[in-house]
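Student: below is the sequence, then the predicted model.
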Amino acid sequence: MAGYILEPSRTFGEYLILPNLTTRDCIPANVSLKAPLVKFKRGETGYAALDLPFVSASMQSVSGERMAVALSKLGGLAFIFCSQTIADQVKMIVNVKKQGARVGAAVNTHDYRERIPALVDAGADVLCIDSSDGFSQWQHDVIAFVRSSYGESVKIGAGNVVCAEGFKYLADAGADFIKVGIGGGSICITREQKGIGRGQASALRDCVEARNKYFDETGVYMPLCSDGGIEFDNHMIIALAMGADFAMMGRNFARCEESNSKKVTVDGKVYKEYWGEGSARARNWQRYGEKGKSDLVFVEGVDSLVPYEGPVAEYLQKITAKIKSTMCNCGSLDLETFTRTARLTLISPASQTEGSAHGVIVR
């Protein structure tokens, strides 16, 4: 008989954060958004970290050289997409490194034996396996290859997973961080195509509980990257409050000037092109078929337009201001305290309506 989880699959939009005591020192200028990027042992220092808890998705339409350099300067990180030839991806990595920037690189479970050494030689700072479903022996094989070839000197994230079992599998395999989320991206249609996935809040909650248990039992802290499910700015804050160490974003960064796609004007409004790695446009054989084959039996992503936002620096300035303000409301000066002391409440549809402008004509 099939197993059932009878609790509804929750999303970030179904939660609000209760404020804690705001002390006099809780002002935005005192708030740190530094977050661990890779695993570390209890009491250990000097591990790789982010100054801002954001990374850009390893997508053709998002993470090119310009985004990588811009995010590195701001304290985040971009993952250069692997749905291109090894030579082209290496060239991107080299060009970013020439500008004194930190950069991540995506890898797949097909040509990793050739791609990973090339990316490491090019200077990639961290790797991440790009897959919509990471609970697989294929990912175990990739991590094992990295460990046998480089020991712990090369850092590699894995995923994506949506449950404690998936987290534990990749943690035991030796991943350096784990991505959480299946089917929650704005251009992702995995859930409607395959009937697989989970609401992002429920997925993150289970993986955070598993991460905390893993830390208690092993003394190893495994950072979690929340990937998907972020429609509004406050969803990023909810993800961090729930225990994500950092968020991977596609659509939000795709809207920025530095994203790896073109601007288009429709009815006088400026947009940027944005398509999924599982879309027909991406022609991503590394996810769905053999090398050189471009015909997909079905797709898991769409081709779309998103409103142009402007420079990524201005966008993140606005976002970080909101996060720091919320953290001050919760009496937290760092993300570890924020996560440990946050109190979240489920909200009803009526509460959602009440929380927006209502009963007025908005001018």
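Tutor: That came through, no problem. Residues are numbered from 1 along each chain as shown.
Student: residue contacts, the most centrally placed residue in the chain?
Tutor: Central residue of the chain (Cα atoms, centre = their mean): residue 248, 1.9 Å from the mean position. By Cβ atoms under 8 Å, 6 or more residues apart in numbering, the contact set of residue 248 is 54-57, 79, 179, 225-228. To be clear about C-beta, it is placed using only N, CA and C from the backbone, and glycine gets the same treatment.
Student: what's the closest of those residues to residue 205?
Tutor: Residue 205 has its nearest neighbour among the contacts of residue 248 in residue 226, at 10.7 Å by Cβ to Cβ.
Student: surely that closest one touches residue 204?
Tutor: Yes. In this structure, residue 226 is within contact of residue 204 by Cβ atoms under 8 Å, at 5.4 Å.
Student: pretty sure residue 266 sits against residue 304.
Tutor: No. Using Cβ under 8 Å, residue 266 is not in contact with residue 304; the gap is 11.9 Å.
Student: quick one: which of the two has more around it?
Tutor: Remark: of residue 266 and residue 304, residue 304 carries more neighbours, 18 against 8, as counted by other Cβ atoms under 10 Å.
Student: what strand or helix carries the spatially closest residue to the more buried one that is not a sequence neighbour?
Tutor: By the measure of Cβ to Cβ, 6 or more residues apart in numbering, the closest residue to residue 304 outside its immediate chain neighbours is residue 274, 5.2 Å from it. Assigned by DSSP states H and E, residue 274 belongs to strand 269-275.
Student: CA atoms of that strand as PDB?
Tutor: Taking Å, rounded to 0.1, in the frame of the first residue of the first chain, the C-alpha atoms of strand 269-275 are listed here in PDB:
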ATOM      1  CA  LYS A 269       7.100  47.700 -21.000                       C
ATOM      2  CA  VAL A 270      10.500  46.100 -20.700                       C
ATOM      3  CA  TYR A 271      10.900  42.400 -19.900                       C
ATOM      4  CA  LYS A 272      13.700  39.900 -19.900                       C
ATOM      5  CA  GLU A 273      13.500  36.400 -21.400                       C
ATOM      6  CA  TYR A 274      13.400  33.600 -18.900                       C
ATOM      7  CA  TRP A 275      13.200  29.900 -19.600                       C
END
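Student: centre of the chain to that strand, how far?
Tutor: With Cα atoms, centre = their mean, to the nearest Å as the basis, strand 269-275 stands 21 Å off its chain's centre.
Student: ok, now stretch 99-111?
Tutor: 15 Å.
Student: which neighbours do residue 226 and residue 204 share?
Tutor: 180-181, 239, 242, 244.
Student: between those, which has the most around it?
Tutor: residue 180 (32 neighbours).
Student: closest one to residue 8 out of the shared contacts of residue 226 and residue 204, please.
Tutor: Using Cβ to Cβ, the shared contacts of residue 226 and residue 204 come closest to residue 8 at residue 242, 16.1 Å.
Student: just give the nearest non-adjacent residue to the closest one, would you?
Tutor: Nearest to residue 242 is residue 204, by Cβ to Cβ, 6+ apart, at 5.2 Å.
Student: and what of residue 136?
Tutor: residue 109 (7.6 Å).
Student: same thing with residue 119?
Tutor: According to Cβ to Cβ, 6+ apart, the nearest residue to residue 119 is residue 105 (4.6 Å).
Student: hey, what's the one you found bridged with?
Tutor: Residue 105 has these beta-bridge partners by DSSP bridges: residue 80, residue 127.
Student: how about it, what does it touch?
Tutor: Per Cβ under 8 Å, 6+ apart, neighbours of residue 105: 58, 79-80, 82, 89, 93, 119, 122, 124, 126-128.
Student: before we move on, the earlier item: now neighbour count too, for the contacts of residue 248, in TSV please.
Tutor: Below are the contacts of residue 248 laid out as TSV (neighbours: other Cβ atoms under 10 Å):
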residue	neighbour count
54	27
55	27
56	30
57	28
79	27
179	27
225	25
226	32
227	31
228	30
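Student: so where's the stretch 151-300 of the chain shaky on pLDDT?
Tutor: Residues of the stretch 151-300 of the chain meeting the criterion pLDDT under 70: 284-296.
Student: any chance you could map the strands in it?
Tutor: Per DSSP state E, counting those that start in this stretch, the stretch 151-300 of the chain carries strands over the ranges 156-161, 177-180, 220-221, 224-227, 246-249, 263-266, 269-275.
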